[in-house]
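# Got a predicted model here, sequence first, then my questions.
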Amino acid sequence: MRPRVFYGWWILAASVVIELFGLGFGIFAITTVYPYVIETFPDWPRHIVFLPTSIVIFTAGALAWVTGVLIDRYPIRRLFVAGIVIQSAALLAFSRVETQAQYLGTAVALGIGLAGVTILPNQVLVSRWFRTRVGLVNGIILGATALGAALAPPLITRLVEALGDWRAAFVWIAALAFLPPMLVVLFVVRDRPEDLGLRPYGEVAGGQPSDLVGLTLRESARTWSFWALAVVVVLGGMPCYSFNKHVLVYLGELGYPKVLAADLKSLYFAVSGCARVSFGYLTDRYDKRVVVLAHTACIALAYPLILVVPAHPAVLYPCLIVLGIGYGGLLPSIPIMSVHLFGRAHLGAILGAYKVPYDLAAAGAPLLTAALYDRYGGYAVPERLNSTLAWLGLLVAVVWLARLPAPSTRTPASR
């Protein structure tokens with residue numbers, strides 16, 4: 001008789017659906033229609049147009065610590081349901097905005113909903129179901145986010161072009177962000193293997209549950225590695241988030257048609273999704289330090305290419321690929337390195353703490369780029385700044401990772 005499929009794989013599939021539709025057709029839907037918003041409201045300054053991205057991410061980031069604590073204390077399914085309902089309602093409201101206050105207010109609501117369906121609860125959920133292949137399953141979840149981001153621009157752009165109205169398109173987007181995630185939460189998601197009388201995948205019978213092993217948030221924050229990882233994520237994240245939120249407008253100003261620009265953004269996120277899955281696979285098998293350093297280096301190496309794209313358009317494709325690879329390893333490095341360095345006992349609180357600086361960078365970078373655009377009348381100055389940040393991130397990563405012993409020799413005292 002063939003063995004039953006471990007239920008944790010169904011949990012992983014459910015998380016993929018939640019990430020794909022909840023996140024992919026949530027915040028990435030808004031960034032896709034920025035060119036249309038600029039056409040609809042030509043008098044709005046550029047920093048107002050891009051402000052919803054920052055508001056959404058900042059709101060979700062500000063709630064990250066609370067989200068992490070709630071995850072550790074209450075069923076994740078409740079958080080999923082609340083997040084899906086709020087986010088879908090916000091997307092529907094976005095289709096009816098007429099003023100700047102309405103435009104920004106819906107972004108706050110979307111950020112509140114995003115806190116319940118974003119990466120953090122899914123990462124904690126699968127960490128409860130898997131003790132081995134942690135890198136792979138986290139990579140798959142984050143790959144689903146990138147897949148949603150890759151599908152959203154071309155699909156939504158074509159939907160807007162077909163309907164002739166970005167507002168009408170958001171009614172369909174709200175439905176996509178609601179129905180598939182809600183179905184899997186109600187019928188598939190279970191918080192822990194013990195709820196079904198199972199053990200986590202890879203846990204040894206009779207061994208100490210690894211959920212009970214690890215540093216507290218306060219203990220983790222006393223280590224050099226805790227802060228070094230945060231700095232690397234912020235410095236590497238700001239250039240990536242500036243690029244992926246502005247790329248459609250940037251390409252439009254270079255003369256690319258909207259549909260082609262959306263397809264190019266899709267290519268960038270498709271590469272990122274593949275990189276996220278491969279990042280998890282590689283960190284399960286090879287030295288995590290080398291894998292993290294390689295992806296950080298890709299972000300730094302891509303930015304000299306971005307700076308020459310206006311004069312040499314052929315450079316755009318290698319730029320998208322190299323930056324996509326680097327961006328693909330940025331986010332999965334947080335849970336993978338956190339488990340490796342600090343254990344699982346307080347993972348919700350630790351990941352919640354990391355979401356704050358990460359989301360501040362993700363929220364601040366697009367807004368800073370927009371403000372610099374308004375100030376200097378173009379993207380040249382903000383792209384130079386982003387290039388500098390990327391190289392500083394690589395420098396910090398080299399210094400930090402060089403101080404870490406090989407994974408097999410890790411001890412709490414050496415962190």
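Yes, it's here.

# Could you check the pLDDT of the spatially closest residue to residue 192 that is not a sequence neighbour?
Excluding its sequence neighbours, the residue lying closest to residue 192 (C-beta to C-beta, 6 or more residues apart in numbering) is residue 128, at 5.2 Å. The C-beta positions use only the backbone N, C-alpha and C, and glycine is treated the same way. With respect to pLDDT, residue 128 scores 87.

# what's residue 259 in contact with, if anything?
By C-beta atoms under 8 Å, 6 or more residues apart in numbering, the contact set of residue 259 is 154, 157-158, 161.

# Please repeat the previous calculation with a cut-off of 7 Å.
157-158, 161 (C-beta atoms under 7 Å, 6 or more residues apart in numbering).

# now do residue 262
32, 153-154, 157, 248.

# Farthest-apart pair in those, please.
For these, the maximum inter-member distance is 11.1 Å, found between 154 and 248 (C-beta to C-beta).

# where does the stretch 301-415 of the chain dip in pLDDT?
Filtered on pLDDT under 70, the stretch 301-415 of the chain yields the residue ranges 406-415.

# Check for me that residue 240 belongs to a helix.
Yes - assigned with DSSP: H, G, I helix; E, B strand; the rest coil, residue 240 falls within a helix.

# what does stretch 16-24 rub up against?
Contacts for stretch 16-24 (C-beta under 7 Å, 6+ apart): 80, 84, 87, 117-119, 122, 140-141, 144-145, 147-149, 151-152, 176-177, 180-181, 184.

# still on that earlier bit, for the contacts of residue 259, which one is nearest residue 364?
Within the contacts of residue 259, distances to residue 364 taken as C-beta to C-beta reach their minimum at residue 157, with 26.4 Å.

# Okay, buried residues for the helix or strand harbouring that closest one please.
Per DSSP states H and E, residue 157 falls inside helix 134-163. For helix 134-163, the neighbour count (16 or more other C-beta atoms under 10 Å) marks 134-157, 159-160 as buried.

# Show me what counts as buried in the following helix or strand past it.
Next helix or strand after helix 134-163 toward the C-terminus (DSSP H and E): helix 166-187. Residues of helix 166-187 classed as buried: 166, 169-170, 172-174, 176-178, 180-182, 184-185 (neighbour count, 16+ other C-beta under 10 Å).

# got it, and stretch 108-126?
In stretch 108-126, counting by 16+ other C-beta under 10 Å, buried: 109-126.

# Can you pull out the low-pLDDT segments for this protein?
Residue ranges of the chain with pLDDT under 70: 1-3, 204-213, 406-415.

# Dead centre of it: give me the residue that sits there.
Centrality entry for the chain: nearest residue to the mean C-alpha point is residue 331, 6.1 Å, by C-alpha atoms, centre = their mean.

# how close does the closest residue to that residue other than its chain neighbours sit to residue 192?
With sequence-adjacent residues excluded and distances taken as C-beta to C-beta, 6+ apart, residue 331 is closest to residue 142, at 5.3 Å. Note on residue 142: its distance to residue 192, by C-beta to C-beta, to the nearest Å, is 22 Å.

# before we move on, what about residue 103?
40 Å.

# Compare neighbour counts for these two and give me the winner.
Neighbour count, other C-beta atoms under 10 Å: between residue 103 and residue 192, residue 103 has more, with 20 against 15.
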